[in-house]
Every structure is written in structure tokens, then in C-alpha cells.
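Peer 1: Fold the following and give me the result.
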Amino acid sequence: MPKEIHPYGVLLRPIITEKTTVLTGLDKYVFEVDLRANKNQIKEAVEIAFSVRVAEVNTMKMKGKPKRFGRKVTSRPDWKKAIVTLVHGDKIELFEGI
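Peer 2: Down below sits the predicted model:
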């Protein structure tokens, strides 16, 4: 049985790029989330943190990129990304004005 993640520990940071700012016009917001979090936990965390209604959650695991330190080649850790679609009319103010 996996350990339960607190709703405020699920969302790690928002991902703000040119592509994600275009998605905000479609009521979609992108977050880096805990690797262990599932779609239901992500939906609950967004609804609690931002007081909005979530229509859909899409997740994907991102492979860590390789990095060099002199001769030594290592890689960044893997991470998980969630694209959260809100009910039409709801907005997250954190992303506004960027």
C-alpha cells in the first residue's frame, strides 16, 4: 500500500514556458508534481490549493537529462508533469499577467 501524500505536497511547482502560457488560454495549466501522485490526488490538490473545479488531468513522466561534470556523465532525476484542464470559466490567478 503506497504512503498517502498530503495534498499540499503533491504540487511541487508551476511550469511556466511559452508553450504553457499558450495553454492557459485553453484553460490548461501545467505543474511539476510528485512522482508518486496519481490523477485523483493531483485533481484534489489543485481544487484545494486554488479553489477551482478540475475537468481533466493528464500526466506524463519526464526522463532526466544527462549532465556532465568533467569526465563524469550523470543524469538529472526523472520527474512527473501534469496538465490540468479546468472547467470553462475557472482561472488560476498565479498564471495571470505573465
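
Peer 1: so which strand or helix has the residue most central in space within the chain?
Peer 2: Nearest residue to the geometric centre of the chain (Cα atoms, centre = their mean): Phe31, 1.9 Å. Per DSSP states H and E, Phe31 falls inside strand 28-33.

Peer 1: By residue count, what's the longest helix in the chain?
Peer 2: Ordering each helix of the chain by length in residues (DSSP state H) puts helix 39-50 first.

Peer 1: Ramachandran coordinates for the residue of the chain most remote from its centre?
Peer 2: When distances are taken from the C-alpha mean of the chain, Arg71 lies farthest, 33.4 Å away, according to Cα atoms, centre = their mean. For Arg71, the backbone dihedrals are phi -80, psi -20 (criterion: degrees, to the nearest 10).

Peer 1: Pull up the per-residue confidence for it.
Peer 2: Reported pLDDT at Arg71 in the predicted model: 94.

Peer 1: buried ones in the longest helix of the chain?
Peer 2: 41-43, 45-47, 50 (16 or more other Cβ atoms under 10 Å). (Each C-beta comes from the backbone N, C-alpha and C, glycine too.)

Peer 1: ditto for stretch 4-12
Peer 2: 5, 7, 10-11.

Peer 1: Make CSV out of these and add pLDDT, secondary structure and distance to Lys19.
Peer 2: Below are these laid out as CSV (pLDDT from 0 to 100; DSSP: H, G, I helix; E, B strand; the rest coil; distance: Cβ to Cβ, whole Å):
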residue, pLDDT, secondary structure, distance to Lys19
Ile5, 86, coil, 27
Pro7, 87, helix, 27
Val10, 95, helix, 22
Leu11, 95, strand, 19
